[in-house]
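Asker: return atomic coordinates for the entry below.
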Amino acid sequence: RHACASGFSAEPEACPLSDQALFAIGAGCRGLRRLVLRSVDTISDAGVAAIAAGCPLLTELDLSRVKSLSDAALAALARSCPDLRTLSLNAAGSVTREEERKEAGSGSE
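Answerer: Presented below is the predicted three-dimensional model:
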């Protein structure tokens, strides 16, 4: 069984991640269902888009306190992750309420 088949959680102090790491996770962990990136400020919309494109089975994603994100990250998730049910965005970057409503309308919370 692949190590990242179900979930992955990153603590920024213990496991600093970059967009490059998210590109690798997206390329190698297609079965990933749960991802916690809370407070990981070294990632951007491009990294989240790579996760969205590479991990279409994602059901839970925590991006709380990731200050470097914008609406583009949510748009990528809405396009590529139809099973996403839990999306945590507390104090996340410059994500707007408009994009949150679109995401909720696509069946995600």
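
Asker: what about the helices in this structure?
Answerer: Along the chain, counting by DSSP state H, helices occupy 19-28, 45-54, 71-80, 97-105.

Asker: could those helices go into CSV alongside distance to residue 87 and mean neighbour count?
Answerer: C-betas here are computed from N, CA, C, even on glycine. Below are these laid out as CSV (distance: least, CB to CB, whole Å; neighbours: other CB atoms under 10 Å):
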stretch, distance to residue 87, mean neighbour count
helix 19-28, 16, 17
helix 45-54, 11, 21
helix 71-80, 7, 20
helix 97-105, 7, 13
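
Asker: out of the ones you listed, which gets the lowest mean score?
Answerer: Note on the helices of the chain: helix 97-105 shows the lowest mean pLDDT, a mean of 51.

Asker: sorry, back to before: now the helices of the chain in CSV, with distance to residue 39?
Answerer: Below are the helices of the chain laid out as CSV (distance: least, CB to CB, whole Å):
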stretch, distance to residue 39
helix 19-28, 15
helix 45-54, 15
helix 71-80, 15
helix 97-105, 19
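
Asker: tally up the residues packed near the residue lying closest to residue 18 once chain neighbours are set aside, please.
Answerer: Nearest residue to residue 18 in three dimensions, chain neighbours excluded: residue 42, at 5.2 Å (CB to CB, 6 or more residues apart in numbering). Residue 42: 17 surrounding residues under other CB atoms under 10 Å.

Asker: contacts only, for residue 42.
Answerer: Going by CB atoms under 8 Å, 6 or more residues apart in numbering, residue 42 touches 12, 16, 17, 18, 19, 68.

Asker: do that again at 7 Å, thanks
Answerer: Contacts for residue 42 (CB atoms under 7 Å, 6 or more residues apart in numbering) come out as 16, 17, 18.

Asker: confidence score at it?
Answerer: pLDDT, residue 42: 91.

Asker: could you do residue 67 as well?
Answerer: Residue 67 carries a pLDDT value of 88.

Asker: for it, give its distance to residue 87.
Answerer: 16 Å (CB to CB, to the nearest Å).
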